[in-house]
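Novice: Here's my sequence, what's the structure:
(2 chains)
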Number of protein chains: 2
Amino acid sequence: MEERVTGTSSTLAIDLGRTGCRAMLWRGDDAEPCATATGDGALGLTAPAGAIAAGNAILAVAAPLLAAQGLDSVDAVGVGAPGTLAAPDAARELAEHLCKSLPARSVALASDAVTSHAGALGGAPGVVLAAGTGAVVAAIGPDKQFHRIDGWGPWLGDEGSGAWLGLAGLRAAIRAHDGRGAATALREAAWQQFGGPGQLALQLGTDDNPARIAAAFVPAIAHAAKCGDGIAIALIHAAAEALARSVLAGAAAVRGVMPVPVAIVGGLTELGDMLLEPLHAALQRSGAPLRVCAARGTSLDGARHLAVHEGGIHEPCVMRAGTRADIARDGAGRPATQSR
Amino acid sequence: MEERVTGTSSTLAIDLGRTGCRAMLWRGDDAEPCATATGDGALGLTAPAGAIAAGNAILAVAAPLLAAQGLDSVDAVGVGAPGTLAAPDAARELAEHLCKSLPARSVALASDAVTSHAGALGGAPGVVLAAGTGAVVAAIGPDKQFHRIDGWGPWLGDEGSGAWLGLAGLRAAIRAHDGRGAATALREAAWQQFGGPGQLALQLGTDDNPARIAAAFVPAIAHAAKCGDGIAIALIHAAAEALARSVLAGAAAVRGVMPVPVAIVGGLTELGDMLLEPLHAALQRSGAPLRVCAARGTSLDGARHLAVHEGGIHEPCVMRAGTRADIARDGAGRPATQSR
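Specialist: Predicted coordinates for the structure are as follows:
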């Protein structure tokens, strides 16, 4: 690595998930990234030795990306990682480790719900519903108070998520099989996908990630609904109602913005109108002052935003390491050297 | 062991569960057992090396019991063990192993749902609902056809069970916490028992047996219902409705008995009238020809019944090893040496 690039600031954004890790690198204020990379994920910061595992996963993706770009350091790094809010000590450890190892002038680390919010609303206050295998609502007002609604995982919540909808469909299939519930095309679809009720029960009972297995049944539910299966249609409506309740709880927690901007992101939105129409209808029916808007960006855009903007509404949820003189201060202008 | 008891037939009944193993020994036709013992359980016969683990768990309880009674062998052994129906090869291996190791003149092995049925209805046809942490209905008619309804575990079914009811209560608590659902006394009760929503989510996500953790919340739900909490009352009614649907599906599968005898057993019945009244009401409302009766015995009584009666309605579900000339043949009188 003889060549060194200087004179252009670089921003690296990382989205660390439990199954994968994505990275994007931008030069200066370019809209498009100059490089992207992906790799393995890591369990969240709440897991035992979570900071070390997260650091290894991030460095395995980020270090080769920087090297391939001829960079031996980076200006600003933004990271979204699960468990940041719940495990602040591990988060501090990770932020400082990345600052030293990449090396970086500054690192901003936040929960994936926070980077998702910052990306979808471009740093502005409002409510973001992220609905994929799980479901969580992040709500932040101008008072910088962060509210998380649901996101409690498949045993306790994630209501309306892919795992929730998939399980509801599989339970309907099993009910029809037992003669405890109405006939539904989901029964045949489930055995086609999983081999039979016994195999399905075994798979859910022994797999590391039953939520992912259940969510894999969502396309079959969507197909059955398209073909007019009443049970499938009712389950998608129920998911929409559950998601709407989470959005409304989030909107009720936001103070000082009227109407409250709402963005809906995540893989479950690929269901399209069959989910989004009843969801929008439920929001409208509530009479709450909302403005549903398209997402402006992804969680990687949000991580980039947090890396280069300090003091915004997300600041109380951001763990920072390192120092930058040139960081934008769009809030109270707290010293950039602060490490929380 | 110098002393040997002869001239009196002995029957050993075993109830192997995932958490514990119970054994009872009877002399001749005595109503009361002469000895009982308990020990550790084992995963079912569907688990890897399930037959070996089950055999070890049973021998650890049964061998000392026989020795303490001065017996170096036993006439008839009846065993109820989970997974017997699903894993016939492992069941045969276990039955033959027990026959040799105990040693026993004959061994009768059946699923715990089958021994439960035989105990509750004394070997007669009908429907037995076993509702504890899980929930399963066994239905058998004079045609010896065995029907299992639900019993699919906490991800897919066990609807109306302790785990199902407990999870429903914990979800209601989390909904109230998030502002997504109605206020309920279950919220305070849940945090008192589990420390808070974060600790609860962590416990359910990392424990080997989340169903047991959830079922442990049932007494708190019962208490809240007694104090008039509308959410708790509604959840117990929903459990009763779900259990009634399983019973009715079982009754519909039984041919040749009218009205169909129904017995309800298991730890969840300890909730008493608050569960049983809406359950009985739902059964009555259905108009199905049922006769709800008190259980005549436990699954240990059922295991004893299968050990000494061959050819009854449970016979197609029984795996037998060994040979007995003196076994009662109350059915087609198939040879007692048959090993299926």
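Novice: Quick check: residues of chain A near chain B?
Specialist: A:46, A:86, A:149-150, A:152-153, A:155-157, A:159, A:167, A:170-171, A:174-175, A:178-181, A:197-198, A:200-202, A:204-205, A:210, A:214, A:245-246, A:248-249, A:252-253 (Cβ under 8 Å from any Cβ of the partner chain). From N, CA and C alone the C-beta is placed, and that goes for glycine too.
Novice: hang on, isn't A:Cys21 packed against A:Ala42?
Specialist: Yes - the pair A:Cys21 and A:Ala42 passes the contact test of Cβ atoms under 8 Å, sitting 7.2 Å apart.
Novice: Between the two, which contacts overlap?
Specialist: Shared contacts of A:Cys21 and A:Ala42, defined by Cβ atoms under 8 Å, 6 or more residues apart in numbering or on different chains, are found at A:Ala57.
Novice: residue ranges for the helices of chain A, please.
Specialist: Using DSSP state H, the helices assigned to chain A run over residues A:50-68, A:88-101, A:112-120, A:153-156, A:162-178, A:185-194, A:197-206, A:210-215, A:218-226, A:230-253, A:273-286, A:299-308.
Novice: What lies in contact with the third one?
Specialist: In this case it means helix A:112-120. Residues from elsewhere that reach helix A:112-120, judged by Cβ under 8 Å, 6+ apart: A:15-17, A:78-82, A:84-85, A:110, A:126, A:128, A:130, A:136, A:138, A:140, A:146, A:148, A:151, A:263, A:265, A:295-303, A:305-306, A:312, A:314, A:317-318.
Novice: residue contacts, A:Leu165?
Specialist: A:Leu165 touches A:215, A:218, A:221, A:235-236, A:239, A:268, counting by Cβ under 8 Å, 6+ apart.
Novice: Looking at neighbours, which among these is most surrounded?
Specialist: A:Ile221 (31 neighbours; other Cβ atoms under 10 Å in any protein chain shown).
Novice: hang on, isn't that one packed against A:Gly166?
Specialist: Yes - the pair A:Ile221 and A:Gly166 passes the contact test of Cβ under 8 Å, sitting 7.1 Å apart.
Novice: Pick the one among the contacts of A:Leu165 closest to chain B.
Specialist: Closest approach between those and chain B, by Cβ to the nearest Cβ: A:Ala215, at 12.7 Å.
Novice: What is the neighbour count of the nearest residue to A:Leu25 once chain neighbours are set aside?
Specialist: In space, A:Leu25 comes closest to A:Ala35 once its chain neighbours are excluded; the distance is 4.5 Å by Cβ to Cβ, 6 or more residues apart in numbering or on different chains. The burial count assigned to A:Ala35 is 16, neighbours taken as other Cβ under 10 Å.
Novice: Which pLDDT value belongs to A:Ala35?
Specialist: If you check A:Ala35, the pLDDT there is 96.
Novice: That one and A:Val77, how far apart?
Specialist: Between A:Ala35 and A:Val77 the computed distance is 14 Å (Cβ to Cβ, to the nearest Å).
Novice: show me what contacts A:His213?
Specialist: Slight slip there: residue A:213 is Ile, not His. Contact analysis of A:Ile213 by Cβ under 8 Å, 6+ apart lists A:166, A:203-204, A:207.
Novice: one more time with 7 Å, if that's ok
Specialist: For A:Ile213, the contact set (Cβ atoms under 7 Å, 6 or more residues apart in numbering or on different chains) comprises A:203-204, A:207.
Novice: quick revisit: which of the residues of chain A next to chain B count as buried?
Specialist: With neighbours counted by 16 or more other Cβ atoms under 10 Å in any protein chain shown, the residues of chain A next to chain B contain buried members at A:46, A:86, A:149-150, A:152-153, A:155-157, A:159, A:167, A:170-171, A:174-175, A:178-181, A:197, A:200-202, A:204, A:210, A:214, A:245-246, A:248-249, A:252-253.
Novice: rewinding a little: which of the contacts of A:Ile213 has the weakest pLDDT?
Specialist: pLDDT is lowest at A:Asp207 among those; the value there is 82.
Novice: what pLDDT does the closest residue in space to it that isn't next to it in sequence get?
Specialist: Using Cβ to Cβ, 6+ apart and skipping residues adjacent in sequence, the residue nearest A:Asp207 is A:Ile213, 5.5 Å away. Note on A:Ile213: pLDDT of 93.
Novice: beta partners of the residue nearest to A:Leu300 when sequence neighbours are not counted?
Specialist: Beyond its immediate neighbours in the sequence, the residue positioned closest to A:Leu300 (Cβ to Cβ, 6+ apart) is A:Ala13, lying 4.6 Å away. A:Ala13 has the following beta-bridge partners by DSSP bridges: A:Met24, A:Gly78.
Novice: how far out from the middle of the chain is stretch A:131-143?
Specialist: Using Cα atoms, centre = their mean, to the nearest Å, the mean C-alpha position of stretch A:131-143 is found 9 Å from that of the whole chain.
Novice: cool, stretch A:181-195 as well?
Specialist: Counting by Cα atoms, centre = their mean, stretch A:181-195 comes out at 30 Å from the chain centroid.
Novice: ditto for stretch A:196-214
Specialist: Using Cα atoms, centre = their mean, we find the averaged C-alpha position of stretch A:196-214 to lie 24 Å away from the chain's own average C-alpha position.
Novice: try stretch A:78-98
Specialist: Offset of stretch A:78-98 from its chain centre (Cα atoms, centre = their mean): 15 Å.
Novice: do the same with stretch A:307-316
Specialist: 18 Å.
Novice: Would you indicate which residues of that stretch are buried?
Specialist: Taking 16+ other Cβ under 10 Å as the basis for neighbour counts, the residues of stretch A:307-316 that come out buried are A:307-315.
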